[in-house]
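Visitor: Sequence and predicted model, in that order:
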Amino acid sequence: MEAPRTLRTWPTWLAVGALVAAEAALVGLLASQPLGWPLVLLQAALTAIAVAWWLAQRDAARLYHLQQHIGAQLGEALDILPDDATFALFDDQERLVLVNQRCRSLLPRTAAFMQPGITFEALLRRAIELGEIPESGGRESWVQKRLSSFRTPGAPYTQELPNDRWIRISQRRLSDGSTVVLRADITDAIRKERALEQARLQTQRAQSQLYEALEAMPIGMELFDEHDRLVYFNHKMGQLRPWFSLDEGRGQTYEALLRIGLRQGFPPDAMGNEEAWLAQHLAQRGKRCLPEVRGYPHGQWMHAYETRTPSGHIVAVRLDITELVQQRQALEQANQRLALLSATDGLTGIANRRHFDEVLATEWLRCARQHETLALLLIDIDHFKLYNDHYGHLAGDACLRRVAELLAGCVRRAGELVARYGGEEFVLLLPSTDRDAARLVAQHCMEALALEQIPHPRSPTAGHVTLSIGIAYTVPQPERLPETLVDAADTALYRAKNSGRQQFEVSRV
Ligand SMILES: Nc1nc2c(ncn2[C@@H]2O[C@H](COP(=O)(O)OP(=O)(O)OP(=O)(O)O)[C@@H](O)[C@H]2O)c(=O)[nH]1
């Protein structure tokens, strides 16, 4: 602190007063001497010189103290620079003039050497020696680079200090050739930046892991925001919509994307009816929580599912089930083929005995419920053994096929069935058919075969293949067995045979 002016000046005036008194006494003494006046003048001149010298010394000392004082004040004042900034001033000879306290605490081991007059280079080398600038690695090249940047200051740069601390150095050369070096401790900022960078990397990693997983999924997946604008779809989903890429589709609304698809002709079943299809599709948006099966171009089949997330996004998923659907279709076809095979007679292609038994049981119950007449024709080829004996077994087979074909031609109404009952025997099951109608069908069968005139030279009945038919009919009773109808037809057939063949007989159950 500055001393009070009064305290500072009164010794001076006391000394001046004493000096003037001594001088007056000396002048008096010298003046009484011979040649005294020249001596007085000489002494006065010497005294004036001494006083002037003393005053100059005093001013220099005061100036020095003032400088020290201003320096200390400036140093203190510079400690309030923001961001813990340090300040160092070097003169045009690169000698240290001034540092603030923070500068010393930033480099505590070097602090003792931060005395005015030390050169920047000496200070730099000392700090390196004391291990306070690890970044230098003790390399001379680093020192030269740093000296060069001190002498021709450029943009601020960052330097690492021990204990993972960081400073930002800004330098400025002043007009008188001196250099100001400002260092800001940016450790906190660097740490925050690193933490942010790490968080950003973690987010990026998590995001890429998520996208990787979504891309690896065997399902198509897409995400729309709360305004129903496309955010993302994976590769699998993109394959289903080759008409726009993710970059083209991102940000577009679901409706806009559907319209792109419609312009490309998808879905085919919406063509010609685009607006109605669109309206219906949009009305169901976000409500298809139950998977539905959808067909796509090129025979693809998808399980489609979409749901709204709690934040209002829509997640849609497509699972390719083409293979499953194809397998199911193949299985259905195989089952149909199998069912057909198991119901068909291998030789003639008409229904077999097994199928006939099933249909008979069904029709028996149905006619019983509806009180309708059920008729059955049991048909036998006359003297077929002799046919085989004459023409051979293969010709016999061909004959059986031809007879089956003719009989099938006699059965026209829905629900009627022609079947091979076994060997050379056939049956016609005629629901809702009474006695007379059954007789007409039997007559028709015999005439159809007669028209065919299949030669049978060894038949004792005629020169061609003939039929004997037993007709049975009844209104079935549910408590009775359908076999009773077959038995009755068999009895009628027996009678027809016994009566000379090539005729029909009728039995009522
Ligand atoms: N080619 C051929 N013959 C068959 C088939 N199934 C049965 N037969 C023959 O049909 C003949 C039936 O002989 P039978 O039961 O004596 O009857 P039928 O000779 O017609 O004499 P009636 O019925 O009394 O007129 C046998 O010779 C069997 O071998 C077949 O699938 N193919």
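Guide: Thanks, I have it. Residues are numbered from 1 along each chain as shown.

Visitor: residues near Ala462, how many?
Guide: Around Ala462 there are 14 other residues, counting by other C-beta atoms under 10 Å. The way it works is simple: take the backbone N, C-alpha and C, and place the C-beta from them, glycine included.

Visitor: And the residue of this protein that's closest to the ligand?
Guide: Gly396 (2.5 Å; C-beta to the nearest ligand atom).

Visitor: Would you mind measuring from that residue to Lys497?
Guide: According to C-beta to C-beta, to the nearest Å, Gly396 stands 19 Å off from Lys497.

Visitor: cool, Arg413 as well?
Guide: 28 Å.

Visitor: Have a look at these two and say which one is more surrounded.
Guide: Neighbour tally, Arg413 and Lys497, criterion other C-beta under 10 Å: the higher count belongs to Lys497, 16 against 11.

Visitor: hang on, isn't the more buried one packed against Leu378?
Guide: No. If you go by C-beta atoms under 8 Å, Lys497 and Leu378 don't touch, sitting 10.9 Å apart.

Visitor: wait, what's in contact with the spatially closest residue to His383 that is not a sequence neighbour?
Guide: Sequence neighbours aside, Ser459 is the residue nearest to His383 in space, at 4.7 Å (criterion: C-beta to C-beta, 6 or more residues apart in numbering). Applying C-beta atoms under 8 Å, 6 or more residues apart in numbering to Ser459 gives the contacts 382-383, 386-387, 465-466.

Visitor: looking at those residues, which has the most residues close by?
Guide: Val465 (25 neighbours).

Visitor: wait, it sits on His456?
Guide: Yes. Counting by C-beta under 8 Å, Val465 does reach His456; the two are 4.7 Å apart.

Visitor: Could you report the neighbour count for the closest residue to Pro297 other than its chain neighbours?
Guide: Spatially, and ignoring its direct neighbours in sequence, Pro297 is nearest to Phe266 (6.3 Å; C-beta to C-beta, 6+ apart). Using other C-beta under 10 Å, Phe266 has 18 neighbouring residues.

Visitor: Check the one 5 residues further on too.
Guide: Neighbours of Met271 under the rule other C-beta under 10 Å: 11.

Visitor: Can you tell me how far it is from Leu282?
Guide: 18 Å.

Visitor: circling back to that earlier point, return every residue with contacts to both of Val465 and His456.
Guide: Tyr387.

Visitor: wait, is the residue of the chain closest to the ligand part of a helix?
Guide: Yes. Assessed with DSSP: H, G, I helix; E, B strand; the rest coil, Gly396 lies in a helix.

Visitor: Do I have it right that it meets Leu386?
Guide: No. Proximity of Gly396 to Leu386 does not meet the contact threshold set by C-beta under 8 Å, at 10.2 Å.

Visitor: so how far is the first residue of stretch 287-297 from its last?
Guide: One end of stretch 287-297 sits 24 Å from the other (C-alpha to C-alpha, to the nearest Å).

Visitor: what residues does it touch?
Guide: So stretch 287-297 is in contact with 240, 266-268, 301-307, 318-319, 321, 325, going by C-beta under 8 Å, 6+ apart.

Visitor: distance between it and the chain's centre?
Guide: 19 Å (C-alpha atoms, centre = their mean, to the nearest Å).

Visitor: for stretch 270-285, same thing?
Guide: 27 Å.

Visitor: what comes into contact with that stretch?
Guide: By C-beta under 8 Å, 6+ apart, stretch 270-285 touches 228, 254-255, 258-259, 262, 265, 267, 269, 306, 314.

Visitor: hmm, 10 Å instead?
Guide: For stretch 270-285, the external contacting residues (C-beta atoms under 10 Å, 6 or more residues apart in numbering) are 224, 228, 253-255, 258-259, 261-263, 265, 267, 269, 288, 292, 306, 308, 314, 316.

Visitor: same check, this time on stretch 29-42
Guide: 23, 26-28, 43-44.

Visitor: Residue numbers of the stretch 201-350 of the chain in contact with the ligand?
Guide: Leu347 (C-beta under 6 Å from any ligand atom).

Visitor: Okay, domains of the chain per the record?
Guide: Domain ranges of the chain: 5-71, 79-185, 186-213, 217-324, 344-508, per automatic domain parsing.

Visitor: of all those, which lies closest to Arg337?
Guide: domain 344-508 (10.1 Å; C-beta to C-beta).

Visitor: so how far is that closest one off the chain centroid?
Guide: The answer for domain 344-508 is 68 Å, by C-alpha atoms, centre = their mean.

Visitor: now the end-to-end length of it.
Guide: 29 Å.

Visitor: Gln326 is in what secondary structure piece?
Guide: helix 322-343 (DSSP states H and E).

Visitor: Then Gln57?
Guide: helix 36-78.

Visitor: Leu161 is in contact with Glu135, isn't it?
Guide: Yes. With contact defined as C-beta atoms under 10 Å, Leu161 and Glu135 form a contacting pair (8.1 Å).

Visitor: who has more neighbours, these two?
Guide: With neighbours defined as other C-beta under 10 Å, Leu161 and Glu135 compare such that Leu161 has more, 18 against 14.

Visitor: Ignoring the adjacent residues along the chain, who's closest to the more buried one?
Guide: Ile167 (6.1 Å).

Visitor: Could you list the buried residues of the helix or strand hosting that neighbour?
Guide: Assigned by DSSP H and E, Ile167 belongs to strand 165-173. Neighbour-count burial for strand 165-173, with 16 or more other C-beta atoms under 10 Å as criterion, is recorded at 166-169, 171.

Visitor: For it, which outside residues touch it?
Guide: Here strand 165-173 has contacts from 83-86, 88, 90, 92, 106-107, 135, 146, 149-161, 178-191, 193-194, using C-beta under 10 Å, 6+ apart.

Visitor: swap the cut-off to 7 Å and go again
Guide: Defining contact as C-beta atoms under 7 Å, 6 or more residues apart in numbering, one finds that strand 165-173 is touched by 106, 150, 153, 156-161, 179-187, 190.

Visitor: Just the ones of those residues in strands?
Guide: Judged by DSSP state E, strands contain the following of the contacts of strand 165-173: 157-161, 179-185.

Visitor: which one of the residues you listed has the most neighbours?
Guide: Arg183 (24 neighbours).

Visitor: how far out from the middle of the chain is stretch 69-87?
Guide: Centroid separation for stretch 69-87 versus its chain: 57 Å, with C-alpha atoms, centre = their mean.

Visitor: Repeat that for stretch 130-146.
Guide: Offset of stretch 130-146 from its chain centre (C-alpha atoms, centre = their mean): 50 Å.

Visitor: which ones are touching Ser468?
Guide: With contact set as C-beta under 7 Å, 6+ apart, Ser468 has these partners: 380, 382, 493, 496-497, 501-503.

Visitor: now the residues you listed: which count as buried?
Guide: Counted by 16+ other C-beta under 10 Å, the contacts of Ser468 give 380, 382, 493, 496-497, 501-503 as buried.

Visitor: from those residues, which single one is nearest Asp487?
Guide: Leu493 (10.6 Å).

Visitor: Assign that closest one to helix, strand or coil.
Guide: Taking three-state DSSP, the label given to Leu493 is helix.

Visitor: now it: how far from Arg435?
Guide: Applying C-beta to C-beta to Leu493 and Arg435 gives a distance of 16 Å.

Visitor: what are the ranges of the strands in the stretch 401-509 of the chain?
Guide: 417-422, 425-431, 467-474, 504-508 (DSSP state E, counting those that start in this stretch).

Visitor: need the contacts of Ser468 in JSON lines with distance to the ligand, can you?
Guide: JSON lines is the format used below for the contacts of Ser468 (distance: C-beta to the nearest ligand atom, whole Å):
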{"residue": "Asp380", "distance to the ligand": "5"}
{"residue": "Asp382", "distance to the ligand": "5"}
{"residue": "Leu493", "distance to the ligand": "9"}
{"residue": "Ala496", "distance to the ligand": "10"}
{"residue": "Lys497", "distance to the ligand": "6"}
{"residue": "Arg501", "distance to the ligand": "6"}
{"residue": "Gln502", "distance to the ligand": "10"}
{"residue": "Gln503", "distance to the ligand": "12"}
